[in-house]
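> Predicted model and sequence follow; I will ask about them next.
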Amino acid sequence: MVAIDRFILLVRQLRRNEGGMALPTALFTMVAAMGLASAAVMASVNSQHGTARDSGSKQAIAAADAGANIALLRLNRYASALTVATPCLGVSGGNLVLTAQSADGWCPPVTGTVGDSSYSYRVTPSAASISVVSTGLAGGVSRKIDVTFNPSTVGSIFEKEGLIGIEDLNITGSAELHVGVGTNGNVNTTGNAELCGNVRHGIGKDWSNTGSASQCQGYGELEANVTLPAVSTFMPADIATKNSNYRLEPCVKTSPPTPTGCEEDSFTGASRSSTVPWNASTRTISMTSSKSTLTLTGGDYWICKLDLNGGQLIMGEKAPVRLFFDTPENCGISSGGTQISLNGGSTITATGFNEDLQIYEMPGFYLTGSTSRTTWVDLNGNLKDENEFVMYGPNTSFNINGNATFIGVIAGKRVNINGNATITQPKGYKPPDIGGATIYARQSYLECTTSVSSPPNAGC
């Protein structure tokens, strides 16, 4: 009986003792913690994968867009070289080459890299609207876009915009602008300028009006980029040897006049010399007397500088005068120099310009400029009467001061307008033909839903 009693007592003690539960409890706790930690790790990994894919997707679309922009740049620069037999621009050995289209009717693919990303684009060889399908690849992610470019000419752009500053357009004071204005950068207005035309700023840029500038009723604000071709794309290839400079030369003898064609451009009101109004060694047209008048009656001139500190420059009737300005490097003009300067009441007019008869003949001033040297056009002072011209220099910057009135077109790299200047175009104005250079501008943008490569615009 004693042994039985001891066994019953031991069982009761074991039943009341919880010391053996610590180990399984600890094991269950560790398992639960590891499960929660694993879930967090998996969520973090999935999140990192998603972030990496989002980053790759953004880089891929940016690379595709870069490819489309490169295609646009090349089209605008070399469109005049394309032919029916070779309507495409390809790349061979790192150089651009003219090529035929592929069997599928598209131009051969062109590839390139942007940072750690790559792109490949194909172009439709069409004289009308052009489609560029560009595919970007980044971090294993591929994105495809289809961009449509429509062609126009320099002249047609000027029918919509009479004042263009490609990179920046700054308007201060009480300027009156009766033209459309545009820039691929920001439009900055201060003072109480009046804008009677549409205002275009670049994509992603804005119109900053920190003063009381106003816009006439019926016009609006636009967002778009416009590409202006280099002067070299429409300038005669033989301009250096075939030009009208000889008409400015002073005659050494008058009977018969020598050299041939000398003084055919008349100069009155001051004495002609070896440097006035024409300095052949520096290729400079200059006048300093308020009574002097130079009438240009030739065609294309090839000069370095136009310096008017008085007097009047006239384009003769039915004379399609175009003044092409050589690069500052070739002219010995350092960075910061000026290639056109109007001061002291100087004027530039056209005998053939008659708004009442809707005749809009006017001289054209086309500045080649430089991508490495900054050069300027200064239109200063209180210029008399109205000035009629087209001034075009996509690599040249403009300063416009005083209260002069300009009729026609002004387009440059940067344009600063101060004071009370007026820029206008008559109703129905047609800009002069400056060579018919073709310019392509972005019209539509589509993101494609598939990376299928045949046809190139599948899924777009």
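Yep, that arrived.
> show me where the stretch 51-200 of the chain has helices.
If DSSP state H, counting those that start in this stretch is used as the criterion, the helices of the stretch 51-200 of the chain fall at 154-160.
> Break down it into its strands, ranges please.
In the stretch 51-200 of the chain, strands defined by DSSP state E, counting those that start in this stretch lie at 88-92, 95-99, 110-114, 117-123, 130-138, 141-153, 163-171, 176-178, 181-182, 186-189, 194-195, 199-201, listed in chain order.
> Run me through the strand neighbours of the last one, direction for each.
Its sheet considered, strand 199-201 pairs with strand 181-182 (parallel), strand 221-223 (parallel) by DSSP bridges.
> I'd like these as JSON lines, with mean pLDDT, distance to Pro87 and mean neighbour count appended.
The C-beta positions use only the backbone N, C-alpha and C, and glycine is treated the same way. Shown next, in JSON lines, are these (pLDDT from 0 to 100; distance: least, CB to CB, whole Å; neighbours: other CB atoms under 10 Å):
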{"stretch": "strand 181-182", "mean pLDDT": "96", "distance to Pro87": "30", "mean neighbour count": "26"}
{"stretch": "strand 221-223", "mean pLDDT": "89", "distance to Pro87": "31", "mean neighbour count": "13"}
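> Any idea which of the ones you listed gets closest to Ala64?
strand 221-223 (20.7 Å; CB to CB).
> Figure out which of the strands of the stretch 51-200 of the chain is closest to Pro250.
Judging the strands of the stretch 51-200 of the chain by CB to CB, what sits closest to Pro250 is strand 163-171, at 37.5 Å.
> so what strands line up beside that closest one?
Using DSSP bridges, strand 163-171 pairs in its sheet with strand 181-182 (parallel), strand 186-189 (parallel), strand 405-417 (parallel).
> quick one: Tyr246 and Trp302, what's the gap?
11 Å (CB to CB, to the nearest Å).
> Same drill for the two, tell me which one is more crowded.
Trp302 (20 against 17; other CB atoms under 10 Å).
> per-domain residue ranges of this protein.
The record's domain parsing of the chain by automatic domain parsing lists 54-152, 154-441.
> Nearest to Pro455, out of these?
domain 54-152 (6.4 Å).
> which SS state does the residue most central in space within the chain fall under?
With distances taken as CA atoms, centre = their mean, Thr227 lies nearest the centre of the chain, 4.2 Å away. Here Thr227 is recorded as coil under DSSP: H, G, I helix; E, B strand; the rest coil.
> Not counting its neighbours along the chain, what's nearest it?
Asn76 (4.8 Å; CB to CB, 6 or more residues apart in numbering).
> right, and that neighbour touches Ile439 too?
Yes: using CB atoms under 8 Å, Asn76 is in contact with Ile439, at 5.8 Å.
> Next, show the common contact partners of those two.
Thr227, Pro229 (CB atoms under 8 Å, 6 or more residues apart in numbering).
> quick one, what contacts the nearest residue to Ser57 once chain neighbours are set aside?
Spatial nearest neighbour of Ser57, excluding adjacent residues (CB to CB, 6+ apart): Val141 at 5.0 Å. Listed by CB under 8 Å, 6+ apart, the contact partners of Val141 are Arg53, Gly56, Ser57, Gln59, Ala60.
> Pull up the per-residue confidence for Val141.
pLDDT recorded at Val141 is 92.
> Quick check: bridge partners of it?
Under DSSP bridges, the beta-bridge partners of Val141 are Ala138.
> if I look at it, how far off is Thr275?
To Thr275, Val141 is 65 Å away according to CB to CB.
> can you check Gly191 too?
Distance from Gly191 to Thr275, by CB to CB: 40 Å.
> What of Ser117?
Taking CB to CB, one finds Ser117 at 57 Å from Thr275.
> what's the answer for Tyr366, then?
Counting by CB to CB, the separation of Tyr366 from Thr275 is 24 Å.
> Looking at the two, which has the bigger crowd around it?
Remark: of Tyr366 and Thr275, Tyr366 carries more neighbours, 22 against 13, as counted by other CB under 10 Å.
> The more buried one touches Val321, doesn't it?
No: using CB under 8 Å, Tyr366 is not in contact with Val321, being 11.2 Å away.
> winner for burial among the strands of the stretch 51-200 of the chain?
When you average the neighbours per residue for each of the strands of the stretch 51-200 of the chain (mean count of other CB atoms under 10 Å), strand 181-182 leads with a mean of 26.
> From the chain's centroid, how far away is that strand?
Taking CA atoms, centre = their mean, to the nearest Å, one finds strand 181-182 lying 12 Å from the centre of the chain it belongs to.
> Give me the residues contacting that strand.
So strand 181-182 is contacted by 161-165, 169, 171, 187, 195, 197-201, 222, 224, 226 (CB under 8 Å, 6+ apart).
> hmm, back to that, may I see the PyMOL selection of the buried members of the contacts of Val141?
In PyMOL, this line selects whichever of the contacts of Val141 come out buried by 16 or more other CB atoms under 10 Å:
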select buried, resi 56+57+59+60
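> Tell me if I'm right that Thr338 and Thr375 touch.
Yes: contact criterion CB under 8 Å: Thr338 and Thr375 qualify, at 7.0 Å.
> Which residue of those two possesses the greater neighbour count?
Using other CB under 10 Å as the criterion, Thr338 and Thr375 rank with Thr375 on top: 26 against 16.
> By mean pLDDT, which helix or strand of the protein comes out lowest?
Here the helix or strand of the chain ranked lowest by mean pLDDT, DSSP states H and E is helix 2-16, holding a mean of 55.
> contacting residues around the nearest residue to Val147 once chain neighbours are set aside?
Residue nearest to Val147 in three dimensions, not counting chain neighbours: Ala68, with 4.5 Å by CB to CB, 6+ apart. Taking CB under 8 Å, 6+ apart, we find Ala68 in contact with Tyr121, Val132, Ser134, Ile145, Val147.
> please redo it, this time with the cut-off set to 10 Å
Residues in contact with Ala68, defined by CB atoms under 10 Å, 6 or more residues apart in numbering, are 119, 121, 123, 132-134, 136, 145-147, 149, 442, 445.
> Return the item of those having minimum pLDDT.
Arg442 (80).
> Would you mind pulling up the elements that the host helix or strand of that residue packs against?
Assigned by DSSP states H and E, Arg442 belongs to strand 438-447. If you count contacts as 3 or more CB pairs under 10 Å, 6 or more residues apart in numbering; DSSP states H and E, strand 438-447 packs onto helix 22-78, strand 130-138, strand 141-153, helix 154-160.
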